[in-house]
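Enquirer: here you go, sequence then predicted model.
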Amino acid sequence: MRGVSSAKTISSSFDADRKRWLMLALIFGAGFITIAMHDVFRWPMKLPGRHGLELMAMLLFVRCASTERYAATLAVLGGVAATAILGHGSGIESIVFLLQGLAIDLAYRMAKLNGWQALVLLPLLAGLVHTIKPLVKLVFMETVGITSDSLSAGLLYPLITHCIFCAVGGLFGGMAWQALQKTRQQSS
């Protein structure tokens, strides 16, 4: 009797571990694919922050939909891996991604959002978090001399465009998360 119970416990533990590893791989893969798409869809629109729309939509969806404490950070690690493999950016991108993932995870843990609050506050969070990018670029430009085309007209314009694009992306990510929740509730 004891051997049967132990075998069931081991089997269910193995299934739970396998599901968790699959979820971690999906989160990492979401970040990788998002940054790979960024590299594929490199249209010269001259609008700083436009790729933050899909990045923030994915990051906020993953953060809200996952039970993993650092889901957004894991997703940006996938993005950092894509950046390294595709040779995109000057290394500053990876620093920005990591800061953004950590900021989303920390803000999400502190806010404990639900319902309408999430739909209002997540876009604001996304917009603010993505303004990290022009600020980090400014620091590198001032200290190391690495130039950035997005800062050629000053800092205000990129701050505004990064914030607006990413607020829209955050809204999409929040709406996708709420749609997933509704679907789960209806199916149970």
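Expert: Structure received. No experiment lies behind these values; they were computed from the predicted model shown. Numbers count the residues shown, from 1 in each chain.
Enquirer: give me the phi and psi angles of Ser66.
Expert: Per-residue torsions, Ser66: phi -100, psi 150 (degrees, to the nearest 10).
Enquirer: and the gap between it and Leu156?
Expert: Separation of Ser66 from Leu156 (CB to CB, to the nearest Å) stands at 35 Å. (Glycine included, C-beta is placed from N, CA and C.)
Enquirer: more neighbours: the two, which one.
Expert: Ser66 (19 against 9; other CB atoms under 10 Å).
Enquirer: mind listing what the more buried one touches?
Expert: Ser66 makes contacts with 23, 27, as judged by CB atoms under 8 Å, 6 or more residues apart in numbering.
Enquirer: one more time with 10 Å
Expert: Ser66 sits next to 23-24, 26-27, 30, 72, 74-75, 177 when contact means CB atoms under 10 Å, 6 or more residues apart in numbering.
Enquirer: same question for Phe140.
Expert: Taking CB under 10 Å, 6+ apart, we find Phe140 in contact with 90-92, 95-96, 146-148, 151.
Enquirer: need those residues in a markdown table (columns: secondary structure, distance to Leu106 and pLDDT).
Expert: Below are the contacts of Phe140 laid out as a markdown table (DSSP: H, G, I helix; E, B strand; the rest coil; distance: CB to CB, whole Å; pLDDT from 0 to 100):
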| residue | secondary structure | distance to Leu106 | pLDDT |
| --- | --- | --- | --- |
| Ser90 | coil | 26 | 66 |
| Gly91 | coil | 23 | 81 |
| Ile92 | helix | 21 | 85 |
| Ile95 | helix | 17 | 91 |
| Val96 | helix | 16 | 91 |
| Ile146 | coil | 27 | 80 |
| Thr147 | coil | 31 | 79 |
| Ser148 | coil | 26 | 78 |
| Leu151 | helix | 26 | 79 |
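Enquirer: got the phi and psi for Pro48?
Expert: phi -60, psi 140.
Enquirer: now do Leu155
Expert: Leu155 adopts backbone torsions of phi -90, psi -30, taken as degrees, to the nearest 10.
Enquirer: hmm, it is touching Lys137, no?
Expert: Yes: here Leu155 lies in contact with Lys137, judged by CB atoms under 10 Å, at a distance of 9.1 Å.
Enquirer: looking at the two, which is more packed in?
Expert: Lys137 (24 against 15).
Enquirer: picking up where we left off before, can you redo the contacts of Phe140 as JSON lines with neighbour count and distance to Asp105?
Expert: JSON lines is the format used below for those (neighbours: other CB atoms under 10 Å; distance: CB to CB, whole Å):
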{"residue": "Ser90", "neighbour count": "13", "distance to Asp105": "25"}
{"residue": "Gly91", "neighbour count": "12", "distance to Asp105": "22"}
{"residue": "Ile92", "neighbour count": "17", "distance to Asp105": "21"}
{"residue": "Ile95", "neighbour count": "18", "distance to Asp105": "16"}
{"residue": "Val96", "neighbour count": "23", "distance to Asp105": "15"}
{"residue": "Ile146", "neighbour count": "13", "distance to Asp105": "27"}
{"residue": "Thr147", "neighbour count": "11", "distance to Asp105": "31"}
{"residue": "Ser148", "neighbour count": "17", "distance to Asp105": "26"}
{"residue": "Leu151", "neighbour count": "18", "distance to Asp105": "27"}
